[in-house]
Every structure is written in C-alpha cells, then in structure tokens.
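**Q** could you work out the structure for the sequence below:
(one chain, ligands or ions: 2)
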Amino acid sequence: MDPARDARPTLRSVAGLYDLDRHGLGELLAGEPAFRVAQVWDGLYRRLQVPEEMTDLPVPLRARLSAAFPPTLAEAARRRSADGRTVKWSWALSDGARIETVLMHYGQRSTVCVSSQAGCAMGCLFCATGQAGFARHLSCGEILEQVVAAARHGTRRRLSNVVFMGMGEPLANFDAVWAAVVRIQQDIGISARHLTISTVGIVPGIRRLTAARLPVNLAVSLHAANDALRDRLVPINRRYPLSVLAEACQHYVRRTRRRLSLEWALIDQVNDRPSDATELAAFAFPLRAHVNLIPLNPTPGYGAPGTARPGVLAFADQLRRAGVTTTIRDTRGSEIDAACGQLAG
Ligand code: SAH
Ligand code: SF4
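**A** Ligands and ions are numbered 1, 2, ... in the order given. Predicted structure coming up:
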C-alpha cells in the first residue's frame with residue numbers, strides 16, 4: 001500500500017466537510033483535475049452550497065462528496081420570533097448531541113451567535129446551558145458550519161458579525177474556537193474586528209488571546225465584582241478569582257490596546273444594588289472597560305427574576321456617573337428562548 005496515499009484524510013480522520021481547510025480539501029481531491037479544488041472551495045465558502053448543489057461538478061464527484069460528508073448539523077428545529085428579527089436553530093450533531101445557533105437581524109446586516117460546546121461545564125447558576133451540563137467540545141468545522149448556515153439563511157442581508165455567545169465556554173475549547181476564528185476571517189471573509197469571544201473568565205485563555213495575532217473582541221461575563229457573590233453565581237471564580245481575572249484583563253488591554261467589554265446579567269436583589277454598581281465601577285474603570293447590562297432572562301433552573309426596567313436604568317446611571325461607558329442589551333429572542341443564557345439544546 002502506498003503510505004502517502006494512506007496519509008490522506010479519510011472519512012474517519014476528518015470530522016466533517018467544514019473541518020477541512022483548503023490544503024486538506026486538496027489532498028482529498030488528489031485524483032481530480034487541479035481546478036476542482038478551487039471549484040469546490042468556491043461552492044462551499046462563496047456560494048455557500050452543499051455538495052449536491054454544486055452543479056458545476058461532475059455527478060460522481062458530487063455523489064462522492066455527499067456520501068463521504070453527510071451534513072454534520074442536521075436541523076432538528078427552527079423558530080422565528082414574531083417580528084422576524086431573530087431565528088434560532090436547534091441542530092442535532094452526528095453523534096446525537098444538540099446545539100443551538102441564533103441569527104439576529106439589524107437592518108441590512110446580521111449577527112450570528114454560535115455555540116462552541118454542546119452544553120457547558122462551568123455551571124453558572126442562572127444559565128440554562130450551565131444547568132444542563134456538559135456534553136462535549138465542538139470541532140472547528142461544527143462551529144464554522146453554524147456560520148455558513150446563518151450566512152445561507154440571510155440571503156438579502158449581509159452576515160457582518162459573529163459572537164461566540166451561544167452554548168459553551170469558548171476559551172475552554174480554545175484550539176477549535178481559534179481555528180474557527182482564523183477560518184471565519186480567511187474563508188468566510190468576516191474581519192476579526194467583527195468577531196467577539198465571550199468568556200466566563202478562563203484566565204489562561206485570556207492570556208492566549210492577549211498573545212494572538214488577530215484583533216478579535218473580548219467580552220468577560222463578570223456578573224459580580226466581589227469574590228463571595230461571584231463564587232456563588234459563577235463557580236469558576238473559585239479557580240480564577242477576581243484579582244487574577246483583573247490582572248489578566250489589565251494585561252490584555254495594555255498589550256492589545258483593544259477595548260474590553262464586561263457583561264453583567266442584572267438579577268433582582270442579587271447583583272443590582274447600589275453597592276454592586278460601586279464594585280463593578282471599581283473593577284471596570286481602571287480597565288477602561290465597556291459594560292453591557294443584560295436584564296436576566298428566565299431559565300428553568302433559577303428562580304430569581306431579572307431586574308425590572310427602572311432598576312436597570314438606575315444601575316446604568318450609577319455606572320455612567322462613575323465614568324464607565326454602559327449599554328443595556330435588549331432581551332431580544334426571549335419569547336423563543338433564544339436570548340442570552342436560554343440556550344439548552
Ligand atoms: N460561556 C460564555 C459565552 C456564552 S454565554 C460566557 O459565559 O461568557 C453568553 C452571555 O449570556 C454571557 O455573558 C452569560 O453570562 C450570559 N447569560 C447567561 N445566562 C443568562 C441569563 N439567564 N440571562 C441573561 N444573560 C445570561
Ligand atoms: Fe457556561 Fe457561559 Fe452559561 Fe456560564 S454563562 S454556564 S460559562 S455558557
């Protein structure tokens with residue numbers, strides 16, 4: 001047997017079609033005329049086609065690609081909000097794991113919120129994903145394919161932004177997430193400046209991002225700025241307490257000169273008091289961080305309600321008076337369980 005041929009990617013060595021980079025596709029199509037690689041690549045990433053739709057390919061090649069790469073994301077359900085501005089997919093992966101992807105339209109452009117893991121091991125009390133537990137990491141291709149599916153869907157609008165704010169903790173699956181970031185920029189053509197990674201505060205991951213070449217945006221889900229409360233709401237705080245997190249964030253901001261965002265899900269009587277705003281301002285101000293307030297969305301496993309509108313406005317006001325730029329995120333998609341923290345597959 002020819003060992004070189006043996007080393008070519010096979011069905012068993014490649015998780016899915018979108019896991020192949022261009023070089024890998026070249027190896028897979030080694031027996032075909034050279035221009036086929038460009039043709040298939042163009043079909044996948046410019047025309048956003050699945051192999052059956054690539055009518056410029058000979059029928060046997062289409063059949064071979066379809067047989068070798070059954071879709072890795074099978075649509076299990078799709079819901080659309082009443083105003084049509086939010087779409088949520090539930091996907092069944094090839095091993096039966098479930099993930100969700102949310103597409104949000106803003107005028108002529110759209111943002112897709114992708115999952116990086118099936119489930120999440122971080123166990124944040126108020127998050128539906130955390131309540132359901134961890135199933136497994138996603139591959140680069142499974143992340144990329146969510147972006148392709150969203151881009152295919154929004155034909156009239158331009159998919160301009162990708163946020164890693166779906167199911168899972170992206171920095172706990174760093175290699176696959178980073179491979180997806182590189183390929184979203186290179187192959188789908190969305191600039192790194194329009195990509196945002198949201199983390200619960202995995203310090204080694206923040207350090208790796210600090211050293212990374214591509215200028216992706218970083219958001220840290222803080223929710224509490226004293227260790228006693230954060231230990232309870234966000235258990236990973238026991239491993240990476242606030243002082244260590246603040247130092248990693250400071251280093252990130254100094255080294256990259258990028259603006260950091262802090263996310264804060266406002267929970268009635270839990271982290272929405274004036275003393276909480278004071279602590280948050282003290283954390284955010286030295287970092288010149290931008291605060292994003294998210295009124296807590298309801299989830300099955302957590303009883304406390306989100307802060308009511310007047311409380312949200314007062315909290316935002318206190319932060320602004322302390323010199324912290326603050327925005328309030330809308331609870332878009334909550335009626336189809338597509339809002340922050342509601343994804344459970
Ligand atoms: N694991 C990452 C990214 C996914 S969660 C992280 O935690 O950052 C995306 C955002 O939704 C995070 O800021 C998260 O804290 C927030 N979130 C989780 N549950 C929520 C809820 N019930 N209501 C509002 N925001 C929530
Ligand atoms: Fe995981 Fe983020 Fe949910 Fe926490 S908030 S359980 S880190 S997905």
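**Q** quick check: residues of the chain near ligand 1?
**A** 126-127, 165, 169, 198-200, 221, 263, 265, 294, 296-297, 299, 340-341 (Cβ under 6 Å from any ligand atom). All C-beta spots, glycine's among them, are computed from the backbone N, C-alpha and C.
**Q** among those, which ones are in strands?
**A** 198-199, 221, 263, 265, 294 (DSSP state E).
**Q** could those be laid out in TSV, adding neighbour count?
**A** Output for those, formatted as TSV (neighbours: other Cβ atoms under 10 Å):
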residue	neighbour count
Ser198	22
Thr199	24
Ser221	24
Glu263	20
Ala265	26
Ile294	22
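**Q** contacts for stretch 81-100, please.
**A** Stretch 81-100 is contacted by residues 16, 70, 72-80, 101-106, 115, 118-119, 135-136, 138, 142, 146, 149, 153, 166-167, 332-333, 335-338, 343-345 when judged by Cβ atoms under 8 Å, 6 or more residues apart in numbering.
**Q** of these, just the buried ones, ChimeraX syntax please.
**A** Per 16 or more other Cβ atoms under 10 Å, the buried members of the contacts of stretch 81-100 correspond to this ChimeraX selection:
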select :16,72,73,79,101,102,103,104,105,115,118,119,135,138,142,146,149,153,166,167,332,333,336,337,338,343,344,345
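**Q** just the contacts of stretch 81-100: which are in strands?
**A** Among those, the residues falling in strands (DSSP E) are 74-80, 101-106, 118-119, 135-136.
**Q** so Asn161 belongs to a helix, correct?
**A** No: going by DSSP: H, G, I helix; E, B strand; the rest coil, the assignment for Asn161 is strand, not a helix.
**Q** which residue packs closest to Ser221, ignoring adjacent ones?
**A** Glu263 (4.5 Å; Cβ to Cβ, 6 or more residues apart in numbering).
**Q** try Asp19
**A** Leaving aside its chain neighbours, Asp19 sits nearest to Gly141 (3.2 Å; criterion: Cβ to Cβ, 6+ apart).
**Q** then Gly306?
**A** Per Cβ to Cβ, 6+ apart, closest to Gly306 is Leu296, 3.5 Å.
**Q** and what of Leu229?
**A** Asn271 (6.5 Å).
**Q** same deal with Ala77?
**A** Ser90 (4.3 Å).
**Q** quick one: low-confidence ranges for the chain?
**A** Residue ranges of the chain with pLDDT under 70: 1-14, 155-156.
**Q** point me to the residue of it nearest ligand 1.
**A** Residue nearest to ligand 1 within the chain (Cβ to the nearest ligand atom): Gly341, separated by 1.9 Å.
**Q** just to revisit the earlier point, my guess is the residue nearest to Ser221 contacts Ser198. True?
**A** Yes: with contacts counted by Cβ atoms under 8 Å, Glu263 reaches Ser198, the gap being 6.7 Å.
**Q** need the residues touching each of those two.
**A** Common contacts of Glu263 and Ser198 (Cβ under 8 Å, 6+ apart): 219-221.
**Q** can you redo these as a markdown table with distance to Leu20?
**A** Shown next, in a markdown table, are the shared contacts of Glu263 and Ser198 (distance: Cβ to Cβ, whole Å):
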| residue | distance to Leu20 |
| --- | --- |
| Ala219 | 30 |
| Val220 | 33 |
| Ser221 | 33 |
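**Q** out of those residues, who's nearest ligand 2?
**A** For the shared contacts of Glu263 and Ser198, the nearest to ligand 2 is Ser221 (5.8 Å; Cβ to the nearest ligand atom).
**Q** who's in contact with the residue nearest to Asp19?
**A** Taking Cβ under 8 Å, 6+ apart, one finds 15-20, 72 in contact with Gly141.
**Q** check Val291 too.
**A** When contacts are counted by Cβ under 8 Å, 6+ apart, Val291 touches 261-264, 280, 284, 319, 324-327.
**Q** and after whichever strand or helix holds it, which helix or strand comes next?
**A** In this structure, Val291 is located in strand 290-295 according to DSSP states H and E. Scanning forward in sequence from strand 290-295 by DSSP H and E, the next helix or strand is helix 309-321.
**Q** how about that next one: buried residues?
**A** 311-312, 315-316, 318-319.
**Q** same question for stretch 228-248.
**A** 229-230, 233-237, 240, 242, 245-246, 248.
**Q** stretch 77-91 too?
**A** Buried positions in stretch 77-91, judged by neighbour count with 16+ other Cβ under 10 Å: 79, 81, 86-91.
**Q** and the end-to-end length of it?
**A** For stretch 77-91, the first-to-last residue distance is 7 Å (Cα to Cα, to the nearest Å).
**Q** mind listing what the residue nearest the centre of the chain touches?
**A** Note on the chain: the residue nearest the mean C-alpha position is Phe164, at 1.5 Å, using Cα atoms, centre = their mean. The contact partners of Phe164, taken as Cβ under 8 Å, 6+ apart, are 114, 116, 170, 177, 195-198.
**Q** let's see it at 6 Å
**A** 116, 170, 197-198 (Cβ atoms under 6 Å, 6 or more residues apart in numbering).
**Q** give the contact list for Asp19.
**A** The contact partners of Asp19, by Cβ under 6 Å, 6+ apart, come to 139-141.
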